[in-house]
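Novice: coords please:
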Amino acid sequence: QVQLQESGPGLVKPSQTLSLTCTVSSGSITTGDYAWSWIRQPPGKGLEWMGIIAYDGSTYYSPSLKSRTSISRDSSKNQFSLQLSSVTPEDTAVYYCAREGNSGNYYFYDYWGQGTQVTVSS
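Specialist: Below is the predicted model:
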């Protein structure tokens, strides 16, 4: 059973950089045909896909967030991280990490972290 756990500050000031880490257990982030994603949900809104880091280290980002987003990994710790720069209160959301698979016809997200609330406020 793959398990994911987000960690990081719950409060970030406007214009600063939001940094979160996802620790993965019972499954390597560098093997298998999977990608590791960050997804967020602002209050009262739907889920927003932010980006992924694939098993081979390649990254892909949402076009709307690409200029502010960076996803990296620490293979030795089986962790991957999100950095979102120049945050505003509109970046307030519950942030999730999840494993992304591809059936060939569609993407699916089969394992999720519990989510972590991040509030952007001075």
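
Novice: Could you measure from the residue most central in space within the chain over to residue 104?
Specialist: In the chain, the centroid-proximal residue (CA atoms, centre = their mean) is residue 38; its distance is 2.1 Å. Distance from residue 38 to residue 104, counting by CB to CB, to the nearest Å: 23 Å. (Glycine included, C-beta is placed from N, CA and C.)

Novice: all strands for this protein, in order.
Specialist: Assigned by DSSP state E, the strands in the chain fall at 3-7, 11-12, 18-25, 35-41, 48-54, 59-61, 69-74, 79-84, 93-102, 107-112, 116-120.

Novice: Make TSV from those strands and add mean pLDDT to it.
Specialist: Conversion of those to TSV gives the following (pLDDT from 0 to 100):
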stretch	mean pLDDT
strand 3-7	97
strand 11-12	98
strand 18-25	97
strand 35-41	97
strand 48-54	97
strand 59-61	97
strand 69-74	97
strand 79-84	98
strand 93-102	96
strand 107-112	94
strand 116-120	98
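
Novice: Check these for me and report the most buried one.
Specialist: strand 35-41 (a mean of 23; mean count of other CB atoms under 10 Å).

Novice: list the helices and strands that one packs on?
Specialist: strand 18-25, strand 48-54, strand 93-102 (3 or more CB pairs under 8 Å, 6 or more residues apart in numbering; DSSP states H and E).

Novice: at 10 Å instead, please
Specialist: If you count contacts as 3 or more CB pairs under 10 Å, 6 or more residues apart in numbering; DSSP states H and E, strand 35-41 packs onto strand 3-7, strand 18-25, strand 48-54, strand 59-61, strand 69-74, strand 79-84, strand 93-102, strand 107-112.

Novice: now the ones you listed as a markdown table including distance to residue 122?
Specialist: Shown next, in a markdown table, are those (distance: least, CB to CB, whole Å):
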| stretch | distance to residue 122 |
| --- | --- |
| strand 3-7 | 23 |
| strand 18-25 | 14 |
| strand 48-54 | 23 |
| strand 59-61 | 27 |
| strand 69-74 | 22 |
| strand 79-84 | 17 |
| strand 93-102 | 17 |
| strand 107-112 | 30 |
